[in-house]
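**Student:** coordinates for the following, if possible.
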Amino acid sequence: MKNINVAYIGYGERGRALLELVLEQVDAIGAVCDIYEDRAEACAKAVEESRGVRPAVYTDYKAAIADESVNVVMILTAWESHIPIALEAMRAGKAVALEVGGAYSVEDCWKLVRTQESTGVPFMFLENCCFGRRELMIKNMVELGLFGRIVHCSGGYHHDLREEIAFGVENRHYRLRNYLSRNCENYPTHELGPIARILGINKGNRMVSLTSTASCAAGMHEYILANKSDDEALINAEFAQGDVVTTVIKCARGETITLTLDTTLPRFYSRGFTVRGTKGMYEEATDSVFLDRQEDRAYDWSWVKNKVGNADDYAREYEHPVWKQFLEDGVRGGHGGMDYLELKAFFDALRADAPMPIDVYDAASWMAITALSKISIANGSAPVEIPDFTSGRWEE
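**Tutor:** Reported below is the predicted structural model:
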């Protein structure tokens, strides 16, 4: 594709964070859109200040997509609107970059797949954690066989979001209404994306079933009592979303994956990225690599004391080529550089008419975990089958 002209839809927190990076990599942003007029105008102003040309301004995403000047649609809106906007864009023949979030139904995921297949429109799921430095280094080590056969992976979205949720009305943030009404693994892809790449999901392997279990919901009520006791609407609200949701996934080749959502209790940030194989492991919590070698077989506190946090030692030899180059060129962009790398991957693939690094099958299978976890929780942590969105092509 030549002359990339973007319809930029959504100017909340994520939209603001990515705009400068997008402007660096596109020919134009011809249209901006947000359901809130002030946000749409703020986005237009930022584009005009950067490029000297004011884009068209819309509050209706259908009108923005229909704008004949644009050929790419970036979707950075609330979770509920992700798939409807993506479907509208693909049916209009516009390439799509879709921000992350869980799906509200399995059928929505099928619609995403069927529409992309029928239109052939380029589509990429913007899971930036697939471009994380450690995630790519460990993927490189796995591919080199250093961890042996991978047996189990785990990860989580461990992020204290109580303030963001509690002030959702004031900040016009979608998480509040979701936490009030849904109980599920609502944000699985930050941890699942890198794990899926390591396990070859949709490329020789697939996820076949899951169970999800939710704890009680107590964290938000206590936070509101302590920090927002004058909010009559929330002080007695019953939050549906459990404080900690644990999801266990079984894969076709026998591996297991554990995902943990933990966003409404006090804690430090972590994605809990852990990879376990027959010859070794990586653990994000301590940033440590442990290989089945003589020097690492103490299995006692001396190893912990002397070698915990040793991943940098392995980076000297096993840094992923993408990050080797990135470190030489100078790391830039949000989330430690992941945002820049994901956008560069998308726009490079568009210009080269190449396959998207994270395609519609990845998006559908990862997003479906949210809808399926809700079903499992509602049925007492019952096992739920995970559809094969590739219709058998994963085996190829």
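**Student:** what's the domain layout of the protein?
**Tutor:** 5-127, 130-320+359-395 (automatic domain parsing).
**Student:** can you get me the start-to-end distance on the shortest one?
**Tutor:** By that I understand domain 5-127. 22 Å (C-alpha to C-alpha, to the nearest Å).
**Student:** if I pick the nearest residue to residue 378 once chain neighbours are set aside, what's in contact with it?
**Tutor:** In space, and not counting its chain neighbours, residue 378 is closest to residue 183: 7.5 Å by C-beta to C-beta, 6 or more residues apart in numbering. All C-beta atoms are positioned from the backbone trio N, CA, C, and that covers glycine. By C-beta atoms under 8 Å, 6 or more residues apart in numbering, the contact set of residue 183 is 214, 217, 240-242, 245, 374, 377-378.
**Student:** so which of the residues you listed wins on neighbours?
**Tutor:** When neighbours are counted by other C-beta atoms under 10 Å, residue 245 leads those with 27 neighbours.
**Student:** what's next to the strand or helix carrying it, contact-wise?
**Tutor:** Per DSSP states H and E: residue 245 is located in strand 244-251. Strand 244-251 is contacted from outside by 183-186, 188, 199, 201, 205-215, 256-262, 265, 369, 373, 376-377, 386, using C-beta under 8 Å, 6+ apart.
**Student:** need the contact list for the nearest residue to residue 56 once chain neighbours are set aside.
**Tutor:** Excluding its sequence neighbours, the residue lying closest to residue 56 (C-beta to C-beta, 6+ apart) is residue 31, at 4.5 Å. With contact set as C-beta under 8 Å, 6+ apart, residue 31 has these partners: 6-8, 55-58, 64, 67, 69-70.
**Student:** of these, which is the most crowded?
**Tutor:** Ranking the contacts of residue 31 using other C-beta under 10 Å puts residue 8 first, with 31 neighbours.
**Student:** do you know how far that residue is from residue 188?
**Tutor:** 26 Å (C-beta to C-beta, to the nearest Å).
**Student:** make TSV from the contacts of residue 183 and add distance to residue 326 and pLDDT to it.
**Tutor:** Listed next are the contacts of residue 183 as TSV, based on distance: C-beta to C-beta, whole Å; pLDDT from 0 to 100:
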residue	distance to residue 326	pLDDT
214	38	98
217	40	98
240	41	98
241	36	98
242	38	98
245	33	98
374	37	98
377	39	98
378	43	98
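**Student:** inside strands: which ones of these?
**Tutor:** Among the contacts of residue 183, the ones falling in strands (DSSP state E) are 214, 245.
**Student:** looks to me like the residue nearest to residue 378 is in a helix.
**Tutor:** No - using DSSP: H, G, I helix; E, B strand; the rest coil, the assignment for residue 183 is coil, not a helix.
**Student:** got phi/psi on it?
**Tutor:** phi -130, psi 100 (degrees, to the nearest 10).
**Student:** helices or strands up against the lengthiest helix in the chain?
**Tutor:** Counting residues, the longest helix found in the chain (DSSP state H) is helix 360-378. If you count contacts as 3 or more C-beta pairs under 8 Å, 6 or more residues apart in numbering; DSSP states H and E, helix 360-378 packs onto helix 106-119, strand 123-126, helix 189-199, strand 207-214, strand 244-251, strand 384-385.
**Student:** which strands and helices lie in contact with the first one?
**Tutor:** So the one you mean is helix 106-119. When contacts are defined as 3+ C-beta pairs under 8 Å, 6+ apart, helix 106-119 packs onto helix 82-91, helix 360-378.
**Student:** before we move on, the earlier item: now a PyMOL select for only the buried ones of the contacts of strand 244-251.
**Tutor:** In PyMOL, this line selects whichever of the contacts of strand 244-251 come out buried by 16 or more other C-beta atoms under 10 Å:
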select buried, resi 183+184+185+186+188+199+201+205+206+207+210+211+212+214+257+258+259+260+261+262+265+369+373+376+377+386
